[in-house]
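Student: Return a 3D structure for these sequence lines:
(2 chains)
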2 protein chains.
Amino acid sequence: MAVYTSVPEDDLAHFLAGYDIGQALACKGIAEGVENSNFLLRTETGPFILTLYEKRVDRGDLPFFLGLMEHCARNGIRCPLPVRDRTGEALGMLCGRPAAIVTFLDGMSGSRLDAEHCAEAGEALARLHVAARDFPVPRPNALSFSGWDSLAAQAGTRADSVEAGLSALISTTLDDLRGTWPDSLPRGVIHADLFPDNVLFLSGRTPGIIDFYFACTDMLAYDLAICINAWCFDAEHRYDAERGQALISAYDRARPLEADEIAALPVLCRGAALRFLLTRLVDWLSVPEGALVQPKDPREYSRKLEFHRGVSNTADYGWSR
Amino acid sequence: MAVYTSVPEDDLAHFLAGYDIGQALACKGIAEGVENSNFLLRTETGPFILTLYEKRVDRGDLPFFLGLMEHCARNGIRCPLPVRDRTGEALGMLCGRPAAIVTFLDGMSGSRLDAEHCAEAGEALARLHVAARDFPVPRPNALSFSGWDSLAAQAGTRADSVEAGLSALISTTLDDLRGTWPDSLPRGVIHADLFPDNVLFLSGRTPGIIDFYFACTDMLAYDLAICINAWCFDAEHRYDAERGQALISAYDRARPLEADEIAALPVLCRGAALRFLLTRLVDWLSVPEGALVQPKDPREYSRKLEFHRGVSNTADYGWSR
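Tutor: As a prediction, this is how the structure comes out:
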């Protein structure tokens, strides 16, 4: 939840004068996204999302994100379509910040997840991978394998103040992954953050996908591993094989997994769990005492990591071909 | 800014099944209101605001607020109209909380206020007072004169840790008001919180009024005094006579002030400044160190109070009949 910048109505009017979407009727800050300021903008022509990019987003990456959304939307993915201004630009400046307007997507996040949600998410992820296959711009994944050592070092032994044995779990996992992390699996654009709040369900329609601001180039099956972590555990962080089966098989139907991707899935799931464990841990350790905004609990991901460390065969996820 | 409760989509679907406004297409938490959870709800029939009432709101007051909004909307005020369900109820239960759906109001808060905004606000306030005149339900104002002593006692001498001399300013003002606070001015329903974020401007239309959750029965001219404090000072908290002239004269045109209301205005302005000084001060003193959500600065209102203490005649506000 984040609205960092408020937009004076005359600045907004001036900004919108460069577009062909009519005048603003309303503009409300919404509790969505943690890196940017997001507004639900209603103009004479309909609803839109206005995003102001705050400091944590690298401005050099914005053309990648906006270009990717446009590419995906034009290739049949239900995702926000950046609106270009009269000069053809999708990225402008508002209140001293880079800013963009995208189309509004109907739909609601699933809050009580079942196998059907997971199947829809799995299929949507595979369709995204296929649609984005010929997107020509690369973007390295700063939060993949090569970035984890430095995150682990940032946390150091303070990890044990969060949970006993956590720093050992992290270093053992890192050691294991050094020998097993795959490097020849099919690559492409991945969403890298397809958590339930980034998928908007609407009865009878393809789910909508939002928040492309972690998208990057990496192994496609690693994105599937991120989704398995995000979608297939219950509220007590226990693996739910029915959901896993639904998610993986729906993915596989829309983009058939290769044999080496299937074989690598347990390792990729450990890596994905470690990635979210590490970023949550670093956030957790950097929040001041007494803060009203509580960061997400890293222990959810240490529990998931422990589970994946016990999985040796993809069939243990409840799915096999 | 506040979204305290998240609404699972199946609970929302079940709630909406009791209404005639179609199914939900989207529901986004918005950064509006500090006491309740507010959502911008889009259904098949249009946009609405869904409010879940959190603990700080007295449930017994909700029929007053909703009834008042309905009364005002039906009497020509551009304000949210509560939507009744199929049984005729405007108040329901959602996620274990009292909840209501109201119509969505187009418009945007003025962020760079000028005399024209103030004139529109003054006229809107007067029209609200006239429209609500025959609303039959009374609601005492817990934050009027009789409530200030206990707020002052809560802050006590800790006030001086916020600003040197503040506790003396408060007790001197309270002493002065005890002898001068009027008790025979025209009374009626007042909004009691008509700050700029609660007025939605839209070119060519009457401004919209939102957030009726402090509304109560009190002296009408006290509501005008609250607006003078909220609208007629510049960013450095200096009184702007041009804005004051615009606001008071627009109010007076739509609801002519009586002679004793005019005479009492400086005292009422002191009281209104003290009221917001006290509530901000108590909030300020109760926030934990290092909290990310900063309460509003009470010193804005000690400065305004000092100004009003130097005003002996309403003409000093830039307006006279």
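
Student: name the element A:Arg178 belongs to?
Tutor: For A:Arg178, the element it lies in under DSSP states H and E is helix A:166-180.

Student: Could you tell me which strands sit next to the very next helix or strand once past that helix in the sheet, and their orientation?
Tutor: Counting by DSSP H and E, the element after helix A:166-180 in chain order, helix or strand, is strand A:187-190. Within its sheet, strand A:187-190 is paired with strand A:216-219 (antiparallel), according to DSSP bridges.

Student: what mean pLDDT would you report for the partner strand?
Tutor: Per-residue pLDDT over strand A:216-219 has a mean of 97.

Student: do the same with stretch A:11-28
Tutor: Rounded mean pLDDT across stretch A:11-28 is 96.

Student: Stretch A:81-99 now?
Tutor: The pLDDT scores in stretch A:81-99 average 96.

Student: So what's the residue count around A:Val162?
Tutor: Residues lying near A:Val162 (other CB atoms under 10 Å in any protein chain shown) number 17. C-beta here means a position set from N, CA and C on the backbone, and glycine is covered the same way.

Student: confidence score at it?
Tutor: 95.

Student: same question, A:Asp316
Tutor: If you check A:Asp316, the pLDDT there is 96.

Student: swap in A:Ala291?
Tutor: 61.

Student: can you check the one 10 residues further on too?
Tutor: You'll see A:Tyr301 listed with a pLDDT of 98.

Student: Distance of the residue lying closest to it once chain neighbours are set aside relative to A:Tyr317?
Tutor: Excluding its sequence neighbours, the residue lying closest to A:Tyr301 (CB to CB, 6 or more residues apart in numbering or on different chains) is A:Leu277, at 3.7 Å. As judged by CB to CB, to the nearest Å, A:Leu277 and A:Tyr317 stand 19 Å apart.

Student: which of those two has more neighbours?
Tutor: A:Leu277 (29 against 22).

Student: The more buried one and A:Phe48, how far apart?
Tutor: A:Leu277 is 36 Å from A:Phe48, by CB to CB.

Student: Now do the buried residues in the helix holding A:Arg178.
Tutor: By 16 or more other CB atoms under 10 Å in any protein chain shown, the buried positions in helix A:166-180 come out as A:Leu166, A:Ser167, A:Leu169, A:Ile170, A:Thr173, A:Leu174, A:Leu177.

Student: ok so, going back, surely the residue nearest to A:Tyr301 is in contact with A:Pro298?
Tutor: Yes. Counting by CB atoms under 8 Å, A:Leu277 touches A:Pro298, with 5.5 Å between them.

Student: okay, now A:Arg158: neighbour count?
Tutor: Residues near A:Arg158, counting by other CB under 10 Å, number 14.

Student: again with A:Gly92
Tutor: Neighbour count for A:Gly92, taken as other CB under 10 Å: 16.

Student: just the one 10 residues further on next, same as before
Tutor: Taking other CB under 10 Å as the criterion, the count of residues near A:Val102 is 23.

Student: Report the secondary structure state of it.
Tutor: Classification of A:Val102 using DSSP: H, G, I helix; E, B strand; the rest coil returns strand.

Student: From chain B, how far out is the closest residue to it other than its chain neighbours?
Tutor: Once flanking residues are discounted, A:Val102 sits nearest to A:Pro80: 3.6 Å by CB to CB, 6+ apart. Using CB to the nearest CB, to the nearest Å, A:Pro80 is found at 13 Å from chain B.

Student: Helix or strand: which one has A:Pro80?
Tutor: With DSSP H and E as the criterion, the answer for A:Pro80 is that it lies in no helix or strand.
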